[in-house]
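# Next one to model:
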Amino acid sequence: MTELSQLRQGAFAPGNSAELAEAIVTGTGVRIEIDRRRGRGAALNMSGRYEPRTRDAFDDGWQTIEELPPFKTEVQVEKPRNVITRNESPDISFDRSINPYRGCEHGCIYCFARPTHAYMGLSAGLDFEAKLFAKPDAPRLLERELAKPDYKVRPIAIGTNTDPYQPIEKEWRIMRQILEVLKAANHPVMIVTKSAMVTRDIDLLAPMAEKGLARVGISVTTLDRKLARAMEPRASTPPKRLEAIRAVSEAGIPAGVLVAPIIPALNDHEIERVLDAAKTAGAAEASYVLLRLPLEVSPLFRDWLLRNYPDRYRHVMSLVRSMRGGKDYDAEFGKRMKGAGPYAWQIGRRFELAAKRLELNLTRRQLRHDIFVPPLGMGVQLSLL
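Below you'll find the model as predicted:
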C-alpha cells in the first residue's frame, strides 16, 4: 500500500514526519496559490470522486501557464422537484429538513457537507465554497408540499447541511421567504446557523416562537477570533454569534448553542468557556458534535491543519483516530456524532458537567404541530370540489 493510498483509506503511520505527511496530503490535489484563494477555507480543489478523470495544473518549467484569476463566488439556480428532504437517521432529532442552498460560502474547513458537491461534478474543496447553487423555487415548492392532503406535520430543520444564512442570503432572501410560508401555515421550524444574519428575521421568528413554533441554535466553535478566522473564514465572528444568541433570546425565541465541531487538541479546551459565554448571552440549551471527517473532508482538513498548526498535526490526528476506531472517521450510527473511546468519553462528561453547572438543558421546549393550517396560495393545486 502506498503512502497516498494509506492516507485516502485513513491509515496512520506514527513514524511519518510532518514533511512526509504534508507531501502525502498535497498528493491528493495541488494547492491553489494563496492569492487565488484568499478568504477561503480550503487550499485544495481536487476533482470530484465521481469524475472519470482527475486534472492537476502544474508548471512544467516552460512558463506556459498564464496567471489565473482569484476564486470568485458564483451562484447558479437549481430547480429541484421537491424541497423537503427526509431521513431515517436514528441519531438525529428530526426526520425532515430544507436546504435553500447547495454549497456554502462560509468555507468552514471541517464541514461534513463538502462531499455533496461531488454529486454536481464539482470539488469538495474550493468549489464547495465558491460555486454555489440557490433554490429560488423553494418557497413555492414548500407551499405545495405542505398543502398535500397526506402531509403529516413534524418540525422542519433548516441549516443541518449548509447554512441558510450564508452571505448570499442577503441578496437571494430564500430563507426569509421559506419562513414566511412556514409562519403563514403555523408550521414548526428548528434553525441552526453560525451567522448573525438570523437576527434579520426576528420579526418572523418571534411571533412563531410565541405560538411554540420556532427555536434557534447558533453554532459557536471557538471564542478565539484567530482560530475562527482560519477555520471558518466567512462566517460571523464569535462575538457576533454571541450577540445573536442574546438578540434571539431577548426576542422570546428559545435559543441554544451548538459547540461543533469539537476538535481534540485544538478547541476542546474551550468547551466550558463557550458554554459560559453562551449561557451569559441567553442560551437555554446546549449540544455538541465531535469533528467528522467523511470522504474528501479528511484530506482537506489535514491539509488545513498542516498549513495552520503544523506542530499539532500528529497529536490532533492521533486523538481523532483514537475516537474513530483507528480511522479518520467512523460513520456508524450512534458513534458518528460523539465518537468512542476514553477521550470521547472524557469530552462527553466535561460537556455534561459544564451544562449541568450552568443549568442548561433543564427543559427542552417541544414545538407544537397541532395548529398547522395547510396553505392555499400560489403553487397549490386547488380542489375541483
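# Name the residues of stretch 223-241 that are buried.
For stretch 223-241, a neighbour-count test (16 or more other C-beta atoms under 10 Å) marks 223, 227-228, 230-236, 238, 241 as buried. Bear in mind the C-beta positions are built from the backbone N, C-alpha and C, glycine included.
# For the longest helix along the chain, the averaged confidence score.
Looking across the chain with DSSP state H, the single longest helix is helix 342-357. In this model, helix 342-357 has a mean pLDDT of 98.
# List the buried residues of it.
343-344, 347, 350-351, 354-355.
# try stretch 116-134
Buried residues in stretch 116-134, defined by neighbour count with 16+ other C-beta under 10 Å: 116-118, 120, 122-134.
# what does stretch 162-182 give?
Neighbour-count burial for stretch 162-182, counted by 16+ other C-beta under 10 Å, picks out 162-169, 172-179, 181-182.
# now stretch 86-97
Quick answer for stretch 86-97 (16+ other C-beta under 10 Å): residue 97.
# can you check stretch 241-255 too?
241-249, 251, 253-255.
# Pull the residues that contact it.
194-196, 198-199, 202, 205-206, 209-210, 214-220, 236, 257, 277-278, 281-285, 365 (C-beta atoms under 8 Å, 6 or more residues apart in numbering).
# where exactly do the helices run in this structure?
So, for the chain - with DSSP H - the helices run 3-8, 18-26, 126-130, 138-146, 169-172, 174-184, 202-210, 225-231, 238-250, 271-281, 297-308, 313-322, 342-357.
# picking up where we left off before, out of the contacts of stretch 241-255, which end up buried?
194-196, 198-199, 202, 205, 209, 214-220, 236, 257, 277-278, 281-285.
# Sitting in strands, which of these do you find?
Residues of these located in strands (DSSP state E): 214-219, 257, 285.
# could I get those residues as TSV with distance to residue 319 and pLDDT?
Formatted as TSV, those follow (distance: C-beta to C-beta, whole Å; pLDDT from 0 to 100):
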residue	distance to residue 319	pLDDT
214	37	98
215	33	97
216	31	98
217	26	98
218	26	98
219	21	98
257	23	98
285	27	97
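# between those, which is nearest residue 309?
residue 219 (20.8 Å; C-beta to C-beta).
# how close does the closest one get to residue 110?
11 Å (C-beta to C-beta, to the nearest Å).
# repeat for residue 214
27 Å.
# got it, and residue 170?
Distance check for residue 170 against residue 110: by C-beta to C-beta, it reads 24 Å.
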